[in-house]
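Colleague: The sequence and its predicted three-dimensional model are supplied below.
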Amino acid sequence: MALPELGQDKGYLSESIFSSIFFTFVLWTFHPFIYHSKRFYTVLIWRRVLAFLVASQVLRIITFYSTLLPGPNYHCREGSKLATLPPPNNVLEVLLINFPRGILFGCGDLIFSSHMIFTLVFVRTYHKYGSKRLIKLLAWFMAIIQSLLIIASRKHYSVDVVVAWYTVNLVVFFVDSKLAEMPDRTNGLPFLPLSTREKDGKLKEDKDIRLKEEFHKLLNGNHGDPTDRLCDSARR
């Protein structure tokens with residue numbers, strides 16, 4: 001009631017924001033293939049993202065199968081030709097009853113919003129691994145705006161959006177804190193390993209330090225560790 005309906009002709013607004021968040025995030029995760037200064041491995045970050053998405057979608061399936069609310073969207077209202085589906089004529093239609101018509105004109109899968117699952121997972125992931133503070137603030141602002149537009153376009157109720165906000169954040173916290181056996185979290189190593197270029201630079205730096213130490217030993221007349229010299233004398 002607090003948010004007036006946008007109308008069917010403006011329903012594309014929430015989808016436009018969702019599409020921009022979705023595609024920009026995908027492009028950002030694949031930017032290490034283009035730029036040399038990469039801060040993470042694409043395959044590892046997508047492995048973690050998919051873990052977030054799968055866990056959230058499983059919870060979503062449980063909730064919308066165990067609840068029943070009248071769909072708020074325009075095509076779900078009484079009198080709409082799309083409010084009901086025709087009975088299936090064969091087994092194939094039973095298996096594909098939700099594709100593509102059910103995806104575009106579904107009325108029952110409400111609690112909680114799948115759009116908000118993807119949005120919050122992508123925004124949280126960039127907030128943790130991204131480097132641009134302005135983009136992080138913009139991403140959170142777009143997530144809030146999308147939440148309001150989803151309700152205003154009558155694609156979901158406010159409960160669907162609110163449940164998505166705290167459920168997805170709890171799922172991300174659980175995966176990050178409880179699934180510590182996922183790659184590169186043992187022995188204090190960061191979750192996302194260094195790139196090849198960063199590794200090479202670190203190896204070169206360590207080598208330079210060792211060479212400097214050996215040079216100082218030579219200048220000071222110390223040609224090695226006393227223990228090593230004792231071992232050499234014993235071998236002789």
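Modeller: Looks like it came in fine. Numbering: from 1, shown residues only.
Colleague: can you list contacts of whichever strand or helix holds residue 173?
Modeller: Following DSSP states H and E, one finds residue 173 within helix 158-178. Here helix 158-178 makes contact (C-beta atoms under 8 Å, 6 or more residues apart in numbering) with 48, 51-52, 55-56, 59, 63, 110-113, 116-117, 120-121, 124, 147, 150-151. Backbone N, C-alpha and C define where each C-beta goes, glycine included.
Colleague: Name the nearest residue to residue 28, ignoring sequence neighbours.
Modeller: Nearest residue to residue 28 in three dimensions, chain neighbours excluded: residue 126, at 6.7 Å (C-beta to C-beta, 6 or more residues apart in numbering).
Colleague: Thought residue 21 was touching that neighbour, still the case?
Modeller: No: judged on C-beta atoms under 8 Å, residue 126 makes no contact with residue 21 at a distance of 9.5 Å.
Colleague: which stretches of this structure aren't confidently modelled?
Modeller: Along the chain, the model assigns pLDDT under 70 to residues 36-38, 74-75, 79, 82-84, 97-106, 108, 179-208, 212, 214-236.
Colleague: okay, and the common contacts of residue 126 and residue 21?
Modeller: Between them, residue 126 and residue 21 share the contacting residues residue 139, judged by C-beta under 8 Å, 6+ apart.
Colleague: And the strands in the chain?
Modeller: Counting by DSSP state E, the chain yields no residue ranges for strands.
Colleague: What's the end-to-end length of stretch 91-109?
Modeller: One end of stretch 91-109 sits 22 Å from the other (C-alpha to C-alpha, to the nearest Å).
Colleague: Kind regards, and thank you for your time.
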